[in-house]
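Student: Next come a sequence and a model predicted from it.
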Amino acid sequence: MNRPPVFQQPIAREPKVEEAKVAENKDAPVQEASSNMVAVLENSSNPKHRNSELLKFLNKLNTGALKIEGEQLVEDATKMQEYEEKEVMRLAKEAERQVEEEKFRQEQEAHIAKLREQDDVDEI
């Protein structure tokens, strides 16, 4: 008595699922590396690093707005629009950060000048 198996998965579906997983995983190393580099550049004390073209490019890779296919960069229009919206917010935060840093620098300079004045008075 040969009975057919009660449950059989269609063979045609399995490769599609696997192909989707491979496609997702294919971008993972690029996104992970770009994510690490983005974090370093965004947290840099140097505003040139925080506003560099490299940072913008890495953010595009990290968000999926740009993908590497073979030896070419391919743009995803939907994700590029999302990237651009996030970039506007990032630039606004960066501008605020630069204002705060300049304010802090000026306060430090004023404090140092005051200390120098006190030293000059003490010497007289």
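Tutor: Sure, I can see it.
Student: Are there helices or strands packed against the strand or helix carrying K103, and which ones?
Tutor: If you go by DSSP states H and E, K103 is part of helix 77-123. For helix 77-123, the helices and strands in contact under the criterion 3 or more C-beta pairs under 8 Å, 6 or more residues apart in numbering; DSSP states H and E are helix 47-50, helix 53-63. For the C-beta atoms, the positions are set from N, CA and C on the backbone; glycine is no exception.
Student: what pLDDT, on average, does that helix get?
Tutor: For helix 77-123, mean pLDDT is 92.
Student: Just want the angle from it to helix 53-63.
Tutor: Compare the direction of helix 77-123 with that of helix 53-63 by axes from the mean of the first three to the mean of the last three C-alpha atoms, to 10 degrees and you get 140 degrees.
Student: Work out the gap between helix 77-123 and the centre of the chain.
Tutor: In terms of C-alpha atoms, centre = their mean, to the nearest Å, the centre of helix 77-123 is found 21 Å from the chain centre.
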